[in-house]
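> Any chance you can model this:
(one chain, ligands or ions: 1)
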Amino acid sequence: MEVAALEKLVKQLLVEQLGTKIDPIKKAAPAGARSGVFETVDEAIAGAKKAQKEFAKLRLEDRKKAIDAVREAMLLQVEAMAQRAYEETGLGNVADKINKHKLAIEKTPGVEDLVTGIQTGDHGMTIYELSPYGVIGALTPSTNPTETIICNAIGMLAAGNAVCFGVHPSAKNSCLVVIEQLNIVLKEAIGIENLIVTINQPSIKSAEELMTHSDVSLLVVTGGPGVVRAAMGSGKKVIAAGAGNPPVIVDETANIEKAASDIVSGASFDNNILCIAEKSIVAVASIADFLMFQMEKNNAFFLKNEADIKKLVDLVTIDQKSINGKYIGKSATEILKAANIDCDFSPRLIVFEATKDHLLAKHEQLMPVIPFIRVNDFDEAFDVALEIEKGYGHTAVLHSQNISRLNRAARDFQTAIFVKNGPSYAGLGFGGEGAATFTISTPTGEGTTTARHFAKTRRCVLTDGFTIR
Ligand code: NAD
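I've put the predicted structure just below:
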């Protein structure tokens, strides 16, 4: 066994068996300093620019070493990161946040994602290589604040870049701790500081400065429609990961028991704050009652009388015109209590029957409250689901055993993520195949972004040689 592998095994054994945390961050943290955290956007970007120049001189092997160090160190922080983000934002729950952080750390691809393209022929050889942009400006959401930073950082570093993060002000403290920790780990691993930077007082104004800074070559924004619009107007190359409103269809051929369990799991995961989470259920009438029954078995709470539905809708909307931000990311129990609705257990999800025109079907609610829409058949279900998805091109889910329906939906939804017979989060790589990502680019079309999207393609031509066929 190699020395490095042996070292890792010993550390793991110590952590597991002695309960000792071998924490490289604690070991190397400089007292009093906030590595990577600057007063101004100008200073932060200047630091990142200098760091990227040094980083560009290193080998791929060094990038890999840097990313391995990030994974190893941040895995020891997942509980702390989840707890901090929950306490600071008040969104979601700690257990699901632990899983989201683990996913970002373990399944975000590194340098192996940078695949070279090649053509050879009578005139020689041409390769297409993925090379760094330089300094990336990345805006991150409040809903997955530190997961997105880790995921973006791994992918962006793998592609050879430095990153200046513009973090959501409401998750500022959690994000600053992680950015500082990433810098400590990177300095220890490869001797470069400020590859990951930010400023200490983020605001919309500083986000705008970041978006228009002349030394930022690529913008990667993850958030709602406002930030996507602002980034698109910056005149820079943009990867925009915007809002979604994912519908889930259940038809009469589906495995209803599994569909029910998957929907409750997906729609209640981190209290529904994920952009990919099921936001409306569209069920074919012949199985609708059985689906409800099965969802109840999985701890969903169906509101059965009009008075309760009214109480709920009055609470979670503002005058039935927009979503009440106060209840975004809150648990089903908290919402029921605030609405003064009796429930004798702790449900994971609140469900009520509605039409496709209900406000909560039309708007991304980001809370564990979901409309259940009954339709006559699959054709109607598909039309309704398309309408609910609103052309965001984000995520859709279908539970069906009918191949031609699955095929039609895969083609016609035109979403970046389409999950068949699973919970929505399978589309993030959680319990589904594929890389993890927390930046699902929708209006700009990159889809589930990884390192290769944070690199520019350059063509390198050699004439009259290296064709050996
Ligand atoms: P948000 O849009 O409020 O904030 C996202 C980031 O953009 C923050 O850093 C914020 O400071 C900045 N920002 C917001 N408006 C801005 C403006 N006008 N100019 C400059 N910067 C601005 O989003 P949020 O509430 O934190 O996150 C939830 C939203 O993000 C939901 O709509 C969700 O669907 C979406 N989201 C999408 C993805 C994806 O991968 N597609 C992932 C996570 C969240």
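
> In the chain, which residue sits closest to the ligand?
The chain approaches the ligand most closely through Gly223 (2.5 Å), counting by Cβ to the nearest ligand atom. Quick note: C-beta positions are derived from backbone N, CA and C, even for glycine.

> Ramachandran coordinates for the closest residue in space to that residue that isn't next to it in sequence?
Distances taken as Cβ to Cβ, 6 or more residues apart in numbering put Pro141 closest to Gly223, at 4.7 Å, once the chain neighbours are dropped. Phi and psi for Pro141, reported as degrees, to the nearest 10, are phi -90, psi 170.

> Run a quick neighbour tally on Pro141.
As a burial measure, Pro141 scores 24 neighbours (other Cβ atoms under 10 Å).

> interface residues of this structure facing the ligand?
The chain comes close to the ligand at residues 139-144, 166-169, 204, 207-208, 222-224, 226-227, 230, 241-244, 275, 364, 439-440, 442, as judged by Cβ under 6 Å from any ligand atom.

> again, only using 5 Å
Counting by Cβ under 5 Å from any ligand atom, the residues of the chain close to the ligand are 139, 141-143, 168, 204, 207, 222-224, 226-227, 230, 241, 243, 275, 439-440.

> Just the ones of those in strands?
Per DSSP state E, strands hold the following members of the residues of the chain next to the ligand: Leu139, Thr222, Ala241, Ile440.

> Now rank the residues you listed by neighbours and give me the top one.
The most crowded member of those is Ala241, carrying 31 neighbours; neighbours defined as other Cβ under 10 Å.

> who's that one bridged to?
For Ala241, the beta-bridge partners are Thr222 (DSSP bridges).

> Settle this for me: it is touching Thr448, isn't it.
No - Ala241 lies out of contact with Thr448 (Cβ atoms under 8 Å); the separation is 9.5 Å.

> Between those two, which contacts overlap?
Ile440, Ser441 (Cβ atoms under 8 Å, 6 or more residues apart in numbering).

> Run through the chain and note the low-pLDDT ranges.
The chain contains residues with pLDDT under 70 at 1-22, 24, 26-33.

> Correct me if wrong: the residue nearest to Gly223 contacts Thr148.
Yes - at 6.4 Å, Pro141 counts as touching Thr148 under the criterion of Cβ under 8 Å.

> Between those two, which contacts overlap?
Common contact partners of Pro141 and Thr148 (Cβ under 8 Å, 6+ apart): Thr222.

> Tell me which residues touch the closest residue in space to Leu366 that isn't next to it in sequence, please.
Nearest residue to Leu366, sequence neighbours excluded (Cβ to Cβ, 6+ apart): Ile328, at 4.6 Å. Contact partners of Ile328, counting by Cβ under 8 Å, 6+ apart, are Leu91, Ile273, Gln365, Leu366, Met367.

> can I get those in JSON lines with distance to Thr126?
Shown next, in JSON lines, are these (distance: Cβ to Cβ, whole Å):
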{"residue": "Leu91", "distance to Thr126": "48"}
{"residue": "Ile273", "distance to Thr126": "45"}
{"residue": "Gln365", "distance to Thr126": "50"}
{"residue": "Leu366", "distance to Thr126": "47"}
{"residue": "Met367", "distance to Thr126": "52"}
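
> Any chance of these in a markdown table with secondary structure and neighbour count as columns?
Below are these laid out as a markdown table (DSSP: H, G, I helix; E, B strand; the rest coil; neighbours: other Cβ atoms under 10 Å):
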| residue | secondary structure | neighbour count |
| --- | --- | --- |
| Leu91 | coil | 24 |
| Ile273 | coil | 24 |
| Gln365 | coil | 24 |
| Leu366 | coil | 25 |
| Met367 | coil | 29 |
